[in-house]
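Trainee: Quick one: sequence plus predicted model below, questions after.
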Amino acid sequence: MRLYIIYCILLFFLKVTICEESENEEKEDDVIIIHDSWESATDHSSESSRDPESSDKGSSDSNPSSLPQPPPQVVKFEAEDAIPPPINTNPDSSTSDDPSPTSETLPDPSPIEPPVLEDEQTRKGRELFEEGESLLNSPTHDKRPAWDLMEQSSEASYPPAILKLAWSHLFGSGHTIDPSKSHALFSSLVDEGNPEAQMGMAFLYATGTVVNSSQSQALLYYTFGAFGGSNWAQMALGYRYWSGMGVATSCEKALDYYRRVAQSVASEVSFSGGSTLQRIRLQDELDNGGHSGGMLDNDLIEYYQLLADKGDVQAQVGLGQLHYQGGRGVNMDHQNALNYFQQAADAGNAVAMAFLGKMYLEGGEAVGQNNETALKYFKKAASLGNPVGQSGLGLMYLYGKGVPKDYKKAFEYFQKAAEQSWVDGQLHLGNMYYNGWGVRKDFKMAIKYFNLASQSGHVLAFYNLADMHATGTGMLRSCPTAVELYKNVAERGKWGERMMEAHTDYRRGRYDEALMKYLLLAELGYEVAQSNAAYIMDRKETELYNPEEMWKRALVYWSRAAAQGYSAARVRLGDYYYYGWGTDIDYETAASHYRIASEQQNNAQAMFNLGYMHELGLGMKRDIHLAKRFYDMAAETSVDAKVPVALALAKLACVFAVKNMEELKILIGPETWDTLELYWDLYLLTLLLGLLGLVMVLRRPRQMHHHGRQNN
């Protein structure tokens, strides 16, 4: 009995000891940060800046070097660490309700960091760089002095200048294209941890330019660049995880990277909605006879300018909008836009007044920010029923710019603008419903108006929808949809201007320069750039790479463009496997690509090719009936296919007749068929004599009539 009591007492004390240890472990677990896809984001430098009390407590409990977990003061890597804070904060990010280790243990970081002391060489390099940068951004055509200053700044070992020269040598903008020189310049900055230089090295390894292609090295440098805050590197990684290129497909990681870039792009979007992205495919231009529907001809622009100079108000408004937003082959030029809008506004045009109000509300190089002037123009335009003016007034009341903040009036003006299908009114109505400004929160209504605004291509509408899909706000969470939307926003960043630069280079015969720009954008996931890079290499118009491997390289980019839904790339991919360009001949794979383009993208060329392969039995069972069906479908899908289809059907009819000879033999009987085979020459001679007699009969009246006319 005594032993039993002692045994129970020992069990009790053992249980108490275990509970205390588990409570200590739970307390330690409370401060461990679990990282998301950026799991390597540890910052050991912050160890010395912890709270002294917590530091002493940790040292007395255990040895930090023996702990497998990261230090408790490590801060989760957030978007704000890499880019400026966005306009719309992400609901998933840390809020004021969640305690932040740095905010509790550290004072304001600004006084902690001492001012960086520049030595004489660094100061000189910076001044030269800034002077060169101002010259490059000036409207002067001669940029040589600016690049000379950049060269001098790089000789002073100023990193931004070295980086600028590296990209210049790579793209051939300002210097003769020289990837080897770019590689040397990037290499000099990579060891210093420059994220943009790491991005450049990743691009060279990914494309096999100068160095041997190595996707593992590219992935390594992309990752370093992304951690350093390079938007390009983050886009490249987002695309790789989204498409599974060189890494395991991960929608969540793609979402993580693309969201960071999208936040950066959205934070820079003004009230105008940003510049438009021109997506011009070289393959489509070839199919359309060398013309692009997205570009305005110079003669047409000059014609509109002539009309505007003569006082045509509609031409003035059109040119003003073109210069205000840029696109269609016209660069963004707010000074020209201001001049055209001013002329049209003086003539009483409401649209011009409204856009003048937008320019004064935003401010910029062309005009200073002025709420009073903006309010004046918005009121004039709104009084004439213009939706742009109504939306502008709504903005001013929403944010209290020049007028007292009034959500009710803002809502009324936005509603009037949205009723006229104006994109800004739709967007801001969605914002008001989403945030509950002046109205009851209604995510369904917010989604409705964001969808309407996205149909007009507004960047912030795509961004807001992406946020809602990513967090499951007002709808079921959908990672793939969120990634698609974030990708759309990310591709509308200022780097999208490289697309038009590349197209201009190609039209001027600068194929190497155009290809290099397209290759960079292709690495960032631009489908148009992928197809254009494949097009240039397919035609072997560049000398950057070995001609013998050009088709293999083109095959890679046709595959990437096809995976993003470009039907012409899918058909071209089938052609490569059919003819064995850059790969072995594989009729079954070719037929599968044609079938995808036919069924999913309704491509007439793919239908015709499938008909031809069914006719000959290439990669599939020979079937004349299916061949005719695909030929007919091609003719119904495209008017241009009618003539080739007619010829193909004529040939198919002959093939069908020959094939049915065996069926005819069975139909007329074996004995009759043997008789025909025995006396085939007599039957043929009889048929020819009959035809000759028919010709003589048909020609005889004409000859008699002709002799009669001669006698008269």
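Mentor: Yep, it's here.
Trainee: lowest confidence element among the helices and strands of the protein?
Mentor: Each helix and strand of the chain was given a mean pLDDT (mean pLDDT, DSSP states H and E); the minimum falls on helix 101-105 at a mean of 33.
Trainee: neighbouring contacts of stretch 619-627?
Mentor: The contact list for stretch 619-627 (Cβ atoms under 8 Å, 6 or more residues apart in numbering) reads 586-591, 611-617, 652, 655-656, 659. Glycine gets a C-beta too; all of them are placed from N, C-alpha and C.
Trainee: Of those residues, keep whichever come out buried.
Mentor: Buried residues within those, counting neighbours by 16 or more other Cβ atoms under 10 Å: 586-587, 589-591, 611-615, 652.
Trainee: Let me see the ranges of the helices in the stretch 551-700 of the chain.
Mentor: 567-579, 587-601, 604-616, 624-637, 642-659, 661-668, 670-678, 680-711 (DSSP state H, counting those that start in this stretch).
Trainee: what angle do the fourth one and helix 642-659 make?
Mentor: In other words, helix 624-637. 170 degrees (axes from the mean of the first three to the mean of the last three Cα atoms, to 10 degrees).
Trainee: Please produce JSON lines containing the helices of the stretch 551-700 of the chain, extended by mean pLDDT and distance to Ala410.
Mentor: Output for those, formatted as JSON lines (pLDDT from 0 to 100; distance: least, Cβ to Cβ, whole Å):
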{"stretch": "helix 567-579", "mean pLDDT": "94", "distance to Ala410": "44"}
{"stretch": "helix 587-601", "mean pLDDT": "93", "distance to Ala410": "44"}
{"stretch": "helix 604-616", "mean pLDDT": "93", "distance to Ala410": "50"}
{"stretch": "helix 624-637", "mean pLDDT": "91", "distance to Ala410": "49"}
{"stretch": "helix 642-659", "mean pLDDT": "82", "distance to Ala410": "56"}
{"stretch": "helix 661-668", "mean pLDDT": "62", "distance to Ala410": "79"}
{"stretch": "helix 670-678", "mean pLDDT": "69", "distance to Ala410": "90"}
{"stretch": "helix 680-711", "mean pLDDT": "71", "distance to Ala410": "86"}
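Trainee: Out of those, which is closest to Tyr303?
Mentor: Nearest to Tyr303 among the helices of the stretch 551-700 of the chain is helix 567-579 (32.2 Å), distances taken as Cβ to Cβ.
Trainee: Distance from the closest one to the middle of the chain?
Mentor: 22 Å (Cα atoms, centre = their mean, to the nearest Å).
Trainee: again, but for stretch 532-551
Mentor: A distance of 23 Å separates the centroid of the chain from that of stretch 532-551, by Cα atoms, centre = their mean.
Trainee: Residues touching whichever strand or helix holds Tyr434, excluding its own?
Mentor: Assigned by DSSP states H and E, Tyr434 belongs to helix 423-435. Here helix 423-435 makes contact (Cβ under 8 Å, 6+ apart) with 271, 273, 387-388, 390-392, 394-395, 398, 407, 410-411, 413-419, 437-439, 441-443, 445-450, 452-453, 456-458, 460-461, 464.
Trainee: now swap in stretch 552-561 and tell me
Mentor: In this structure, residues lying in contact with stretch 552-561 by Cβ under 8 Å, 6+ apart are 243, 245, 522, 527, 530-531, 533-535, 537-538, 545, 569, 572-573, 576, 581-583.
Trainee: wait, Leu519 sits on Thr207?
Mentor: Yes. Between Leu519 and Thr207 there is a contact under Cβ atoms under 8 Å: 5.4 Å.
Trainee: for Thr209, phi and psi?
Mentor: Per-residue torsions, Thr209: phi -90, psi 120 (degrees, to the nearest 10).
Trainee: Now do the contacts for it.
Mentor: Contact analysis of Thr209 by Cβ under 8 Å, 6+ apart lists 179, 183, 203, 516, 519, 544.
Trainee: If we use 7 Å, what do you get?
Mentor: Pro179 (Cβ atoms under 7 Å, 6 or more residues apart in numbering).
Trainee: can you check Ser383 too?
Mentor: By Cβ under 7 Å, 6+ apart, the contact set of Ser383 is empty.
Trainee: what do you get if the cut-off is 8 Å, keeping everything else the same?
Mentor: By Cβ under 8 Å, 6+ apart, the contact set of Ser383 is Gly389.
Trainee: And Arg126, by the same measure?
Mentor: Neighbours of Arg126 in contact, by Cβ under 8 Å, 6+ apart: 118, 153, 158.
Trainee: repeat that with 6 Å
Mentor: Tyr158 (Cβ atoms under 6 Å, 6 or more residues apart in numbering).
Trainee: Can you classify it as helix, strand or coil?
Mentor: helix (DSSP: H, G, I helix; E, B strand; the rest coil).
Trainee: Near Tyr324, how many residues? Count them for me, please.
Mentor: 21 (other Cβ atoms under 10 Å).
Trainee: from memory it sits against Ala337, does it?
Mentor: Yes. If you go by Cβ atoms under 6 Å, Tyr324 and Ala337 touch, sitting 3.9 Å apart.
Trainee: mean confidence score for stretch 162-182?
Mentor: Per-region confidence: stretch 162-182 scores 92 on mean pLDDT.
Trainee: Stretch 339-359 too?
Mentor: On average, the pLDDT along stretch 339-359 is 87.
Trainee: got it, and stretch 515-533?
Mentor: 95.
Trainee: distance between the ends of it?
Mentor: Chord length of stretch 515-533, first to last residue, is 6 Å (Cα to Cα, to the nearest Å).
Trainee: list the buried ones in the helix or strand containing Leu286?
Mentor: For Leu286, the element it lies in under DSSP H and E is helix 282-287. The neighbour-count check on helix 282-287 (16+ other Cβ under 10 Å) flags 282-285 as buried.
Trainee: picking that back up, if burial is judged by neighbour count, which of the contacts of helix 423-435 pass?
Mentor: By neighbour count, with 16+ other Cβ under 10 Å, those hold 271, 273, 387-388, 390-392, 394-395, 398, 410-411, 413-418, 438, 445-447, 449-450, 452-453, 458, 460-461, 464 as buried.
Trainee: Looking at these, which are in strands?
Mentor: Among the buried ones among the contacts of helix 423-435, no residue falls in strands (DSSP state E).
Trainee: What about those residues, which are in helices?
Mentor: Judged by DSSP state H, the buried ones among the contacts of helix 423-435 include 387-388, 390-392, 394-395, 398, 410-411, 413-418, 445-447, 449-450, 452-453, 460-461, 464 as members of helices.
Trainee: Enumerate every residue touching Pro160.
Mentor: Per Cβ under 6 Å, 6+ apart, neighbours of Pro160: Phe129.
Trainee: Let the chain start at 206 from now.
Mentor: Shifting the count to begin at 206 puts that one at Pro365.
Trainee: ok so it is a helix residue?
Mentor: Yes. Under three-state DSSP, Pro365 falls within a helix.
Trainee: tell me the phi and psi of Tyr731?
Mentor: Main-chain torsions, Tyr731, degrees, to the nearest 10: phi -70, psi 120.
Trainee: Equivalent analysis for the one 5 residues further on, please.
Mentor: Summarising the backbone geometry of Ser736 under the convention degrees, to the nearest 10, its torsions are phi -70, psi -40.
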